[in-house]
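Visitor: give the three-dimensional model of this entry:
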Amino acid sequence: MEHEDQEAQKPLLVTAPGRSGDGCASGAASSSSSIAVVVASTAVAVAGSFEFGISVPVYISEITPKNLRGGFATVNQFMICCGASLAYVLGTFITWRTLAIIGVAPCLLQLVGLLVTPESPRWLARFGHPGAFEAALQKLRGKATDISDEATEIKDFTEKLQQLPESKMFDLFRKDYIRAVTVGVGLMVLQQFGGVNAICFYASEIFVSAGFSSGNTGMLAMVAVQIPMTGLGVLLMDKAGRRPLLMVSAAGTCLGCLLVGLSFLAKEHHWGKDLNLVLALAGILIFGGSFSLGMGGIPWVIMSEIFPINMKGAAGSLVTLVSWLGSWIVSYAFNFLLVWNSYGTFFIFASICGLTVVFVERLVPETKGRTLEEIQASMNSSLTPPFHL
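Guide: Numbering: from 1, shown residues only. Okay, the predicted model is just below:
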């Protein structure tokens, strides 16, 4: 993980779709009895997804202008949402093998596209390629655009970074970076322990448990809500700002979890079948829409903005690891929690979502309309800001 800061973003992006595609193809080709092949192919796909989780938000944040950065970075989450939604829909009609084979196609398309994608100008500046840095920046901004001010700001900040010692994973926990780590890791912990994967992975079972005859109708309704809400988040990202969207999103997920919890409480106390069905459907749709609006994508956007380039490899690895570990813990524990206390489980999720609102209000900075250099200088005490913040 320590050497990832010195690896270009583009090679990481190029290898990731190949690994994901290999995993999908291998999984589809394996027989149902070949557990080893299924596990191996899943591991390959996970490795590719892990690289994407680190590299894509960072790369997008480094190549886009400050007034468009949030929207562009959230488009990544929008496309993930579209892909996952398509998989949900197709999964109701086709087998998992066919679905895995279909997943190879976008990986190959992305691999071809990345071959003509320019390297990050900030990475080139950081690791001593001044000519290539300006050429890449000019290509990204357009031939007629004056890049002199932006190039100068990047150079000045890069010179300050180069005076710092080579970074290691444990350097993240120095006081210089502890605020950025607290924000980045904290958002990921709250995102995962707010119950998103429990609700997404088990939505069909939740609908059935709440009294629906089938989970497919509710699943399709959730898909229909998530895509437009993610699109709305993309449009509002650079207008409303990160903090307001995060707080509205977290408040909405809190309400959604409360409604789902109340639906199970209504079922247990026999308050009426129609009531618990309405509460379950409304709760999951509100949760899915609210999460898609902000909590799904914005933590990744902020993670890509707050760490200086010399720490992004280590920080991205840590944040992604925390996210995936949290996802696994919640997904694994959810069934046990549901057996223990169905409505209590969702009230716990609601409490964590409510805590997220407080966390964002107290600790998360607004990064809308600020350059990466300004954000990072204000977040990390080892970088005395040479800018007017």
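
Visitor: what about residue 340, neighbour count?
Guide: 10 (other CB atoms under 10 Å). Using the backbone N, CA and C atoms, a C-beta is placed for each residue, glycine as well.

Visitor: ok, the one 4 residues further on next?
Guide: The tally of other residues near residue 344 (other CB under 10 Å) stands at 14.

Visitor: now do the one 5 residues further on
Guide: Around residue 349 sit 27 other residues, with neighbours defined as other CB under 10 Å.

Visitor: mind checking how far it is from residue 281?
Guide: 17 Å (CB to CB, to the nearest Å).

Visitor: again, but for residue 303
Guide: Residue 303 is 33 Å from residue 281, by CB to CB.

Visitor: and those two? Which one has more around it.
Guide: Taking neighbours as other CB under 10 Å, residue 303 and residue 281 compare with residue 303 leading, 28 against 20.

Visitor: and that one, what element?
Guide: helix 298-306 (DSSP states H and E).

Visitor: point out the other helices and strands that that helix packs with.
Guide: helix 35-63, helix 69-91, helix 178-193, helix 216-240, helix 242-268, helix 312-340, helix 372-379 (3 or more CB pairs under 8 Å, 6 or more residues apart in numbering; DSSP states H and E).

Visitor: contact partners for residue 87?
Guide: 99, 103 (CB atoms under 8 Å, 6 or more residues apart in numbering).

Visitor: for residue 117, phi and psi?
Guide: Here is the backbone geometry of residue 117 (degrees, to the nearest 10): phi -90, psi 130.

Visitor: any idea which helix or strand carries the nearest residue to residue 371 once chain neighbours are set aside?
Guide: Spatial nearest neighbour of residue 371, excluding adjacent residues (CB to CB, 6 or more residues apart in numbering): residue 66 at 5.0 Å. Per DSSP H and E, residue 66 falls between elements, in no helix or strand.

Visitor: tell me which of the helices and strands packed on helix 298-306 lies nearest to residue 118.
Guide: The minimum distance between residue 118 and the helices and strands packed on helix 298-306 falls on helix 35-63, with 7.5 Å, by CB to CB.

Visitor: do you know the pLDDT at the residue located most distally from the centre of the chain?
Guide: Largest separation from the mean C-alpha position in the chain: residue 270, at 38.8 Å (CA atoms, centre = their mean). On the pLDDT scale, residue 270 is placed at 77.

Visitor: what does residue 373 give?
Guide: Residue 373 is given a pLDDT of 78.

Visitor: okay, now it: neighbour count?
Guide: A total of 24 residues lie near residue 373 under the criterion other CB under 10 Å.

Visitor: ok, residue 152 next?
Guide: 10.

Visitor: which element is it on?
Guide: Using DSSP H and E, residue 152 falls in helix 148-162.

Visitor: that helix packs against which elements?
Guide: Checked by 3+ CB pairs under 8 Å, 6+ apart, helix 148-162 has helix 121-126, helix 130-141, helix 372-379 packed alongside it.

Visitor: contacting residues for the nearest residue to residue 77 once chain neighbours are set aside?
Guide: Distances taken as CB to CB, 6+ apart place residue 297 nearest to residue 77, at 3.0 Å, with adjacent residues excluded. Shown in contact with residue 297 (CB under 8 Å, 6+ apart): 73-74, 76-78, 230, 233.

Visitor: can you tell me which two in those residues are farthest apart?
Guide: Taking CB to CB, no two of the contacts of residue 297 sit farther apart than 73 and 230, at 12.5 Å.
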